[in-house]
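> Compute the structure for the input listed below.
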Amino acid sequence: MRILVTGAGGAAAVSIWKSLGGDHELYMADIDPLAAGLYLVPPERRLIIARGDSPALVPDLLEACRARAIELLVPTVDVELAPLAAERTRFAQVGTTMAISPVETLRLCRDKQALMDAVEGEVPCPSSVPLTPEIAAATTHFPRFAKPREGAGSRGIARIDGTEDLAAQPLDGTVMLQEYLPCEEVSVDVYVRADGRVIAAVARVRMKIDSGIAVASRTIHDEPLLAAVRRTAEVIGIRGTANIQFKRAQDGVYKLLEVNPRYPGTLPLTAAAGVDMPKLMVTGLEGGKLPEGPMPFQDLMVVRYWTEEYFDTAQWEALCPRS
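The predicted structure follows:
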């Protein structure tokens with residue numbers, strides 16, 4: 001299959017390359033000529049594209065898919081997802097399938113308060129409200145937790161220990177004030193068939209994080225947690241792969257943090273534990289039979305390290321914009 005993966009500078013794109021690069025014709029795209037994943041494929045399969053929030057992104061990728069007869073487009077950058085999903089029909093017209101959830105699901109996941117409202121009563125959630133002057137005045141119990149309703153990469157999050165911390169937050173409803181969850185965070189990779197059945201959920205604890213990337217992780221089995229993850233994916237309409245994050249409260253209950261409706265960066269651990277989600281994706285798209293699930297996975301641990309890719313400077317120069 002001819003597959004185009006965006007976000008080549010990120011761990012998610014490189015993880016997909018690790019799963020599929022040996023068996024399929026992969027093209028890697030990014031906005032930055034220094035994105036490492038570009039140099040994992042031959043020069044003719046590298047693309048520089050517009051930013052995810054640029055109006056030029058969709059026409060750029062449409063033309064790239066048409067010119068290269070791309071069969072499958074896999075976006076891995078959060079800001080790209082909804083704009084591309086909204087144009088799914090136009091991509092289908094050039095023969096390209098898109099491996100992402102419906103646009104309504106993607107927009108719901110972008111707004112974390114709307115997400116909490118959508119699954120309340122279905123899965124354990126922390127108490128969450130948009131932060132306004134009225135909510136700030138009524139808040140007397142601390143600590144609490146504040147984070148932007150829309151955002152990624154832990155940007156703008158803060159522990160709120162008192163009224164001075166609250167006063168430093170925007171009170172216009174763009175930030176949500178949430179119950180403070182003091183215990184460990186767990187990321188769960190899920191795979192949902194096209195018919196909506198959740199066939200895999202692999203939970204992993206991020207044991208050590210460097211610059212937002214998990215560099216040490218281990219898989220865990222916790223059936224109440226996995227059941228909550230499966231229910232979350234069903235309620236909001238996830239299709240394909242997503243990463244769903246929960247955090248444990250003081251009383252031991254795991255509560256929903258957020259849903260990233262795309263491939264995660266620590267995917268190789270999930271694959272090594274027995275569930276290779278990119279390969280499931282391709283099998284499903286090629287008409288192969290996927291299991292009913294839930295798929296079993298091993299207890300496994302990973303540590304990650306840097307590696308290098310060497311190439312001639314001319315390859316980088318060929319990707320740089322010409323003045």
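> so how far is I48 from A314?
Note on A314: its distance to I48, by C-beta to C-beta, to the nearest Å, is 15 Å. Quick note: C-beta positions are derived from backbone N, CA and C, even for glycine.
> Show me what the longest strand along the chain packs onto, helices and strands only.
The longest strand of the chain (DSSP state E) is strand 198-210. Contact analysis of strand 198-210 by 3 or more C-beta pairs under 8 Å, 6 or more residues apart in numbering; DSSP states H and E lists strand 185-192, strand 213-220, helix 223-236, helix 267-272, helix 277-285 as its packing neighbours.
> out of these, nearest to L108?
helix 223-236 (5.8 Å; C-beta to C-beta).
> Summarise which helices and strands the helix or strand that the closest one is followed by is packed against.
Downstream of helix 223-236, the first helix or strand assigned by DSSP states H and E is strand 240-248. For strand 240-248, the packing partners by 3+ C-beta pairs under 8 Å, 6+ apart come out as strand 185-192, helix 223-236, strand 254-260, helix 277-285.
> tilt between strand 240-248 and strand 185-192?
150 degrees (axes from the mean of the first three to the mean of the last three C-alpha atoms, to 10 degrees).
> that's a strand at I16, yeah?
No: read with DSSP: H, G, I helix; E, B strand; the rest coil, I16 is helix and lies in no strand.
> ok, now which ones touch it?
5, 26, 74, 76, 263, 267, 278 (C-beta atoms under 8 Å, 6 or more residues apart in numbering).
> Tell me, how many residues neighbour the third one?
Using other C-beta atoms under 10 Å, the number of residues around V74 comes to 25.
> backbone phi and psi for it, please?
Phi and psi for V74, reported as degrees, to the nearest 10, are phi -120, psi 100.
> Quick check: bridge partners of it?
On the basis of DSSP bridges, V74 is bridged to V5.
> if I read this right, it contacts G7, doesn't it?
No: counting by C-beta atoms under 8 Å, V74 stays clear of G7, with 9.1 Å between them.
> Give the burial count for I160, as a bare number.
When neighbours are counted by other C-beta under 10 Å, I160 comes out with 22.
> Please tell me how far the residue nearest to it when sequence neighbours are not counted sits from E308.
In space, and not counting its chain neighbours, I160 is closest to R144: 4.2 Å by C-beta to C-beta, 6 or more residues apart in numbering. Distance of R144 to E308, given as C-beta to C-beta: 44 Å.
> Compare these two (neighbour count), which wins?
Applying other C-beta under 10 Å to R144 and E308 shows that R144 carries more neighbours, namely 20 against 5.
> Just the pLDDT for that one.
Listed pLDDT for R144 reads 95.
> Return the residues in contact with it.
Going by C-beta under 8 Å, 6+ apart, R144 touches 159-160, 166, 177-180.
> what does I160 give?
142-146, 166, 169, 177, 180.
> Check the gap between it and L171 for me.
13 Å.
> Likewise for R159?
Taking C-beta to C-beta as the measure, R159 falls 18 Å from L171.
> The two: which has the busier surroundings?
For R159 versus L171, the count of surrounding residues by other C-beta under 10 Å is larger for L171: 17 against 12.
> Grab the nearest non-local neighbour of that one.
L171's closest residue in space is P133 (C-beta to C-beta, 6+ apart), at 4.9 Å.
> Kindly report the same for G7.
Excluding the flanking residues, the one nearest G7 by C-beta to C-beta, 6+ apart is T76, at 3.8 Å.
> what residues are up against the nearest residue to A272 once chain neighbours are set aside?
Spatially, and ignoring its direct neighbours in sequence, A272 is nearest to L300 (6.0 Å; C-beta to C-beta, 6+ apart). If a contact means C-beta under 8 Å, 6+ apart, then L300 has 218-219, 269, 272-273 as its contacts.
> tell me the mean pLDDT over the longest strand of the chain?
93.
> tell me which residues in it are buried?
Residues of strand 198-210 classed as buried: 198-204, 206 (neighbour count, 16 or more other C-beta atoms under 10 Å).
> Over to stretch 117-127?
Neighbour-count burial for stretch 117-127, with 16+ other C-beta under 10 Å as criterion, is recorded at 118-119, 123-126.
> among those, which are in helices?
Members of those lying in helices (criterion: DSSP state H): 118-119.
> Turn the buried residues of stretch 117-127 into JSON lines, including pLDDT and distance to E150.
What follows is those, written out as JSON lines (pLDDT from 0 to 100; distance: C-beta to C-beta, whole Å):
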{"residue": "A118", "pLDDT": "97", "distance to E150": "15"}
{"residue": "V119", "pLDDT": "97", "distance to E150": "17"}
{"residue": "V123", "pLDDT": "97", "distance to E150": "21"}
{"residue": "P124", "pLDDT": "97", "distance to E150": "23"}
{"residue": "C125", "pLDDT": "97", "distance to E150": "18"}
{"residue": "P126", "pLDDT": "96", "distance to E150": "18"}
